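Colleague: Mind looking at a prediction? Sequence and model below.
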Amino acid sequence: MANTEKKIQWIEGGKQLGKVFSFEINEKKIWSSVGIQKWREKYQVYVDEIEEEDLAAEKYLREEIKKFDNLSDALQFIEQHTRTNLTEMQICKGQKIFNPNFELG
């Protein structure tokens with residue numbers, strides 16, 4: 001429990017947490033990145049998924065940034081719409097998952 005509380009403190013402090021991982025669908029390797037960060041009083045969740053063979057072309061199956069007014073809604077979105085959760089995410093040191101100042105599309 002203390003680990004989760006620490007991660008919540010990091011998010012509330014503006015730190016970005018995330019995870020990069022792979023999984024398989026129909027014998028194809030899919031890479032996914034999931035990140036969360038509090039930015040300008042909103043909680044931003046970034047999600048992308050891309051087939052390994054499309055990495056060089058950057059042809060994403062999914063790439064989105066969702067904004068939430070509260071942390072519980074953001075964490076619920078991660079739990080329900082990605083293949084990871086807060087307990088698996090780590091603080092992003094150096095290389096970030098996403099730029100919270102960037103708008104998609």
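Modeller: In hand now; what should we look at? Residues are numbered from 1 along each chain as shown.
Colleague: Wasn't residue 76 part of a strand?
Modeller: No - assessed with DSSP: H, G, I helix; E, B strand; the rest coil, residue 76 is helix; it does not lie in a strand.
Colleague: And the strands in this protein, which stretches?
Modeller: Using DSSP state E, the strands assigned to the chain run over residues 17-25, 28-39, 42-51, 60-68, 90-91.
Colleague: and residue 81, which of those strands is closest to it?
Modeller: strand 42-51 (7.1 Å; C-beta to C-beta). Every C-beta, even on glycine, is put in place using the N, C-alpha and C of the backbone.
Colleague: Ok, which of the strands of the chain comes nearest residue 98?
Modeller: Nearest to residue 98 among these is strand 42-51; the distance by C-beta to C-beta comes to 3.8 Å.
Colleague: which ones are touching residue 71?
Modeller: 8, 11-12, 38, 43 (C-beta atoms under 8 Å, 6 or more residues apart in numbering).
Colleague: and the gap between it and residue 38?
Modeller: 8 Å (C-beta to C-beta, to the nearest Å).
Colleague: overlap in contacts of the two?
Modeller: Joint contacts of residue 71 and residue 38 (C-beta under 8 Å, 6+ apart) are 11-12.
Colleague: hang on, the earlier thing: make TSV from the strands of the chain and add mean neighbour count and distance to residue 3 to it.
Modeller: Output for these, formatted as TSV (neighbours: other C-beta atoms under 10 Å; distance: least, C-beta to C-beta, whole Å):
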stretch	mean neighbour count	distance to residue 3
strand 17-25	15	12
strand 28-39	19	15
strand 42-51	20	19
strand 60-68	15	22
strand 90-91	12	11
